[in-house]
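1. Model the following, please.
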Amino acid sequence: MPFSFAALRRRPDLEGPDLVAVDAADRLILDESADARAALGVGQLVVIGDAYGALTLAAADAGARGIRVHQDELLGEEALALNARDTGLEKVFDSHALDADLLTGARVVLLRLPRSLRALSDIAGLIALYAHPDVVVFAGGRLKHMTVAMNDVLRRVFDRVDVSHARQKSRVLTAHGPHDGAAPAPEEAEVDGIRVRAFGGAFAGASIDIGTRLLLAHLPAPRGDRAVDLACGTGVVAATLAVRHPSLRVIACDQSAIAVASARATAEANGVADRVRVVRDDVLRSQPEATASFIALNPPFHAGAAIHEGLAPRMFADAARVLEPGGELWTVWNSALQYRPALERTVGPTRQVARDRKFTVTVSTKR
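-> Got it, this is the predicted structure:
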């Protein structure tokens, strides 16, 4: 099948009428960068933050080869691979971590602007540190998610930042002249006796969100010697469990590369890295069936920028698969989302443990 924006899909991520695989910002980044990309040699193009492959595959269709790609979300990587297979472009790019191998010698970088200024600062610092001195960065996004502060972040490590005209509620910032680059370092703070480390873009940063606080206040000692922190974010729950219970081993998993790096840093900061294993995973895909007796979960409810209620039930279902009979899923959720019926259906008998003005904590026992 030849490349077409219309053919791009989000799978294995959630799909639906209001969930798109390509948008106007992707198209504008490609149009603004077309001349610069035309002059590139093999391996000189880097793409960061490509949601489902629109930037990478359109650039490949235009002739780019040896494209280096970084996507924070594992499902984005997998969607890119599937879309590449469908269009016959699977051998023209490689996925990388956000590091020197991704950026060394890059002449053009296509970047979907992250919503977090700290995430943008981390990315910009790495580009300025490792990319070619003549690198040009085309950083675009939807106007509703962009702020003037993004220009300021880029200007800290680039000599010049130009702003495109808006088109279809999107805009591109073009940065030239990198200087004073630096590798990212996590933000760190001590909260309720736990040291939290967070790289830019991690949920709640170097703090503990109020839902997680409520969950932590009511978590019991897990049965057995192993627990799972599902959708671990910065790893606060995993680190807290390991600190409270010195014989416990914890698996912490998240599909976000930023979350995984933050959770590892949090475990190290609390001296429990030898007992907390952090895995980048799609829910609990890598965990065998009926092997866990205790899972803790603070589920996300955003699919990209959109609020979507399909995320948590998918996590409930995989938790139910991994729990052994009699195992417990401890969940905290925004009370307005009314997840208890879904937990009852998917996992088993569910009781309320705690509730405050906004959040509810439940425990569900696997049938």
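
2. where does the stretch 1-150 of the chain dip in pLDDT?
-> Per-residue confidence of the stretch 1-150 of the chain (counting by pLDDT under 70) places the weak regions at 1.

3. mind listing the helices for it?
-> Secondary structure of the stretch 1-150 of the chain, counting by DSSP state H, counting those that start in this stretch: helices at 24-38, 54-61, 74-87, 100-103, 117-130, 148-155.

4. so which of the ones you listed comes closest to residue 295?
-> helix 74-87 (18.9 Å; Cβ to Cβ). Any C-beta I mention is one placed from the backbone N, CA and C, and that applies to glycine too.

5. Counting by contacts, list what the closest one packs against.
-> In this structure, helix 74-87 makes packing contacts with helix 54-61, strand 93-95, judged by 3 or more Cβ pairs under 8 Å, 6 or more residues apart in numbering; DSSP states H and E.

6. Deepest-packed of the ones you listed, please.
-> Taking mean count of other Cβ atoms under 10 Å as the contact definition, the stretch among the helices and strands packed on helix 74-87 with the greatest mean neighbour count is helix 54-61, which reaches a mean of 25.

7. where's residue 14 relative to residue 173, distance?
-> When distances are taken as Cβ to Cβ, to the nearest Å, residue 14 and residue 173 turn out to be 29 Å apart.

8. rewinding a little: of the helices of the stretch 1-150 of the chain, which approaches residue 161 most closely?
-> Nearest of these to residue 161, taken as Cβ to Cβ: helix 148-155 at 4.8 Å.

9. For that closest one, buried residues please.
-> By neighbour count, and taking 16 or more other Cβ atoms under 10 Å as the criterion, the buried residues in helix 148-155 are 150, 153-154.

10. Just give me the neighbour total for residue 218.
-> Other residues within reach of residue 218, judged by other Cβ atoms under 10 Å, total 12.

11. Pick the most buried one from the helices of the stretch 1-150 of the chain.
-> Across these, averaging neighbours per residue (mean count of other Cβ under 10 Å) puts helix 54-61 on top, at a mean of 25.

12. Which strands and helices lie in contact with that one?
-> The criterion is 3+ Cβ pairs under 8 Å, 6+ apart, and the helices and strands that helix 54-61 contacts are helix 24-38, strand 45-48, strand 67-70, helix 74-87, strand 108-112.

13. May I see those organised as CSV, with distance to residue 357 added?
-> Written out in CSV, the entries for the helices and strands packed on helix 54-61 read as follows (distance: least, Cβ to Cβ, whole Å):
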stretch, distance to residue 357
helix 24-38, 37
strand 45-48, 39
strand 67-70, 39
helix 74-87, 33
strand 108-112, 36
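
14. got the contact list for residue 282?
-> Under the criterion of Cβ atoms under 8 Å, 6 or more residues apart in numbering, the contact list for residue 282 reads 12, 74-75, 78, 255.

15. show me what contacts residue 348?
-> Under the criterion of Cβ under 8 Å, 6+ apart, the contact list for residue 348 reads 320, 364-367.

16. Ok, residue 33 next?
-> Neighbouring residues of residue 33 by Cβ under 8 Å, 6+ apart: 108, 110, 136, 138.

17. Only whichever of those are buried, select them in ChimeraX.
-> Here is the ChimeraX command that selects only those of the contacts of residue 33 that count as buried (16+ other Cβ under 10 Å):
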select :108,110,136,138
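
18. wait, which of the contacts of residue 33 is closest to residue 290?
-> For those, the residue nearest residue 290 by Cβ to Cβ is residue 110; the value is 43.8 Å.

19. Verify the contact between the closest one and residue 55 for me.
-> Yes. Between residue 110 and residue 55 there is a contact at 4.9 Å, judged by Cβ atoms under 8 Å.

20. middle-most residue in this structure, spatially?
-> The residue lying closest to the centre of the chain (Cα atoms, centre = their mean) is residue 256, at 3.1 Å.

21. Based on its surroundings, how many neighbours for the residue lying closest to that residue once chain neighbours are set aside?
-> On the basis of Cβ to Cβ, 6 or more residues apart in numbering, the spatially nearest residue to residue 256 that is not a chain neighbour turns out to be residue 72, at 5.4 Å. Around residue 72 sit 21 other residues, with neighbours defined as other Cβ under 10 Å.

22. residues contacting residue 72?
-> Neighbour list for residue 72: 49, 98, 201, 256-258 [criterion: Cβ under 8 Å, 6+ apart].

23. out of these, which is most surrounded?
-> The residue in these with the most neighbours, by other Cβ under 10 Å, is residue 258 (26 neighbours).

24. Just the CA coordinates for the helix or strand in which that one is found, please, in PDB.
-> Assigned by DSSP states H and E, residue 258 falls within helix 257-269. Coordinates of each C-alpha in helix 257-269 appear next as PDB, following Å, rounded to 0.1, in the frame of the first residue of the first chain:
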ATOM      1  CA  ALA A 257       9.900   6.200  28.500                       C
ATOM      2  CA  ILE A 258      10.000   9.400  30.700                       C
ATOM      3  CA  ALA A 259       8.000   7.600  33.400                       C
ATOM      4  CA  VAL A 260      10.300   4.600  33.300                       C
ATOM      5  CA  ALA A 261      13.400   6.800  33.600                       C
ATOM      6  CA  SER A 262      11.800   8.700  36.400                       C
ATOM      7  CA  ALA A 263      10.700   5.600  38.300                       C
ATOM      8  CA  ARG A 264      14.200   4.100  38.100                       C
ATOM      9  CA  ALA A 265      15.700   7.400  39.400                       C
ATOM     10  CA  THR A 266      13.100   7.400  42.200                       C
ATOM     11  CA  ALA A 267      14.000   3.800  43.200                       C
ATOM     12  CA  GLU A 268      17.700   4.700  43.300                       C
ATOM     13  CA  ALA A 269      17.000   7.900  45.300                       C
END
